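Asker: Here is my input; please provide its structure:
(chains A and B)
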2 protein chains.
Amino acid sequence: MRFVLAIGTTETASIDGISAAGASPDAVAHTPAADAEITAYGRLIHAPTVPVSPTGCPTPAIVTRAVRDCTAFDLLTMDAGLESPTAAPTVTVAGTPGRDIREPEPVPAAPAAFGAARDLAGELPDAEVYIGESIPGGTTTALGVLTALGEPFEVSSSLPENPIDRKRDIVATGLDASGLDPGDAAGDPIRAARLMGDPVLAAIAGCTVGAIDSGAAVTLAGGTQMLAVAALVRHAGRSSRLTLATTPFVAADPTIDIEAATAALEVDLAITDPGFPQADHPALQRYRAGEAKEGVGMGGALHLAERAGIPMARVRDRTTTLYDRLVGSNGS
Amino acid sequence: MRFVLAIGTTETASIDGISAAGASPDAVAHTPAADAEITAYGRLIHAPTVPVSPTGCPTPAIVTRAVRDCTAFDLLTMDAGLESPTAAPTVTVAGTPGRDIREPEPVPAAPAAFGAARDLAGELPDAEVYIGESIPGGTTTALGVLTALGEPFEVSSSLPENPIDRKRDIVATGLDASGLDPGDAAGDPIRAARLMGDPVLAAIAGCTVGAIDSGAAVTLAGGTQMLAVAALVRHAGRSSRLTLATTPFVAADPTIDIEAATAALEVDLAITDPGFPQADHPALQRYRAGEAKEGVGMGGALHLAERAGIPMARVRDRTTTLYDRLVGSNGS
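Answerer: As a prediction, the model looks like this:
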């Protein structure tokens, strides 16, 4: 088993009010680099701060790393368009950040990113691959891709109040700029990612296709961004079995019926409850309040922990220990 | 514990007759990328061939990966001047290959590589760090650095017949071109690496200094190239405890008295015998014949296996299994 984490950026994240992946717009640019360092090392190396939402919810990377501390899963981090460098070891599959999806062609690198990630995943020795992401603004680009493909699903949010109307407006502007009507990119996932997506979506779709084609079992570790990946993979003509592993926070999101959406795409759904409601730690309370919800493969990591027989109490303990070390001391 | 593998290239390797790290000069350029893929994945991904010496000795990366299969050690691969890209995840500490040491300034990037590796290693969470290398031509640049520092040690070779006179001539030409007499760079390790070394030596010296300064225990995993690193670290004014973990093949090399050399630098010496003499597999026979000897941290990996209580028979079995899979099928 190998856990692939694709990290990147899109200028879409700098549109006011759509992302909670950082305390400030300036911090958002460093979020994927910081998430990768936390997952790789359990601490920050060069990234300036631990990603925390404006309301104080810590990055789900802490949960994913907590699981990694318990299970020692193998990690492969893909740089799919980072804006600031990371000290985590990476394989580069896309060299440039995505631009704002309100531009005509926000991701010219989409075909190359898809191809590079597909070729890499196709050569991996693993019978099983989990894939997660970190890209601020990613649910908006996910909505862009789903709409371009003609898939009727809404997307979740890392904010307590999902600015879904704002996202719909942005997507409508983007479709206009790209000369697309909803559904115009059906059957052409690379076009959907190139005109309405981000480099991480392109890379993960390619990675999934490559892994599937080499006979590996793929689990998409995440929420509605991974739902968009599942849609891209189905539109690439791959009908193989696929699992989406997410959290109860995504399942409880009223914006999206994740059960119906995965069923429509013929994707198996795994929801793993970390049991945070029983906890009284401030970090866990934020998750319980429906913030962050997903990201950095949290749902997939929890699924892995469950399969490995790790008691959730151990994952929770490890999460709070890491949180106290990372946020308490600001990671240094 | 973390195992750091620094990979890179120097044009010094293309001087006729000094390196066995590849079946042909063309293949040599891909050797570090291939070694990194074998260590990271247990197979090749994009690198074209498994590195094999002109006489058929397989890369020591196979032994290091065999140990990793048994112990699952954490791996951090540093790109310190690769010529061809690798599909192994890396952190880049030097962006350009080293030039021929017969030029006046073969490694302009030495100060930057030293600094980047020092800063990264200084932030690692690990109490213990092992450091290995893969750079064809590296024993010649090691001799260059040792001579520039004024250290009287000779270097080993991956060839059965060490072309030590050839290396001395090359080093003499390089010193001339750089305007140095032997010992002129004493106390200035970055100058030694910049004028007579390679980017991997600069990076590993920086990595060792950073790890030492942060309080970590460092084991240099390798032979005479790592001896040159130990000298660089001593000339950087660090007198902390340091271990060199190598193979019996280096210890048996008549060109260098590794015991006396490590003692002179106040470095602990650990020699771990993988027991290859008892084996009858063609790959193990080549090692037994004194080819390859070291590289890709083989001696350190064997040391790790011993400390972890892994029976050497298991390491040997795993080595031959990997060899048959990688070389038998050419890695695909």
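Asker: contacts and neighbour counts: CA atoms only from here.
Answerer: Noted.
Asker: So which residues of the stretch 151-300 of chain A form helices?
Answerer: Counting by DSSP state H, counting those that start in this stretch, the stretch 151-300 of chain A forms helices over residues A:164-178, A:189-196, A:199-213, A:224-235, A:248-251, A:258-264, A:282-288, A:298-307, given from the N-terminal end onward.
Asker: worst average pLDDT in those helices?
Answerer: Set side by side, the helices of the stretch 151-300 of chain A give their lowest mean pLDDT on helix A:282-288, at a mean of 82.
Asker: Next one, pLDDT for the residue in chain A sticking out farthest from the centre please.
Answerer: Using C-alpha atoms, centre = their mean, the residue of chain A lying farthest from its centre is A:G179. It sits 27.1 Å away. A:G179 carries a pLDDT score of 98 in this model.
Asker: quick one: it and A:R102, what's the gap?
Answerer: A:G179 sits 11 Å away from A:R102 when distances are taken as C-alpha to C-alpha, to the nearest Å.
Asker: Equivalent analysis for A:E294, please.
Answerer: Relative to A:R102, A:E294 is positioned 25 Å away (C-alpha to C-alpha).
Asker: got it, and A:F249?
Answerer: According to C-alpha to C-alpha, A:F249 and A:R102 sit 29 Å apart.
Asker: Chain neighbours aside, what residue packs nearest to the residue in the stretch 101-250 of chain A positioned nearest to chain B?
Answerer: For the stretch 101-250 of chain A, the residue closest to chain B is A:E123, as judged by C-alpha to the nearest C-alpha, at 5.5 Å. Excluding the flanking residues, the one nearest A:E123 by C-alpha to C-alpha, 6 or more residues apart in numbering or on different chains is B:I45, at 5.5 Å.
Asker: Please name the residues that touch the one you found.
Answerer: Applying C-alpha atoms under 8 Å, 6 or more residues apart in numbering or on different chains, we find B:I45 in contact with A:120, A:123-124, B:37, B:87.
Asker: For my notes, confirm it occurs in a strand.
Answerer: No - counting by DSSP: H, G, I helix; E, B strand; the rest coil, B:I45 is not part of a strand but coil.
Asker: Extract the residue ranges of chain A that are flagged as low pLDDT.
Answerer: When the per-residue scores of chain A are filtered using pLDDT under 70, the ranges that remain are A:278-279, A:329-332.
Asker: what does chain A have sitting close to chain B?
Answerer: By the criterion of C-alpha under 8 Å from any C-alpha of the partner chain, the positions of chain A lying close to chain B are A:41-46, A:76-78, A:87-91, A:120, A:123-125.
Asker: Okay, and which of those residues map to strands?
Answerer: A:76-78, A:90-91 (DSSP state E).
Asker: which of those residues has the most neighbours?
Answerer: If you count neighbours using other C-alpha atoms under 10 Å in any protein chain shown, the busiest of those is A:M78, which has 27 neighbours.
Asker: residues contacting that one?
Answerer: For A:M78, the residues meeting the contact criterion (C-alpha under 8 Å, 6+ apart) are A:4-7, A:90-93, B:89.
Asker: Could you check how far it is from B:A61?
Answerer: The spacing between A:M78 and B:A61, counted by C-alpha to C-alpha, is 23 Å.
Asker: same question, A:A252
Answerer: Between A:A252 and B:A61 the computed distance is 48 Å (C-alpha to C-alpha).
Asker: cool, and A:P277?
Answerer: With the distance defined as C-alpha to C-alpha, A:P277 ends up 47 Å from B:A61.
Asker: Burial check on the residue lying closest to A:L232 once chain neighbours are set aside, number of neighbours?
Answerer: Sequence neighbours aside, A:P189 is the residue nearest to A:L232 in space, at 5.0 Å (criterion: C-alpha to C-alpha, 6+ apart). Summarising burial for A:P189: neighbours were counted as other C-alpha under 10 Å, giving 30.
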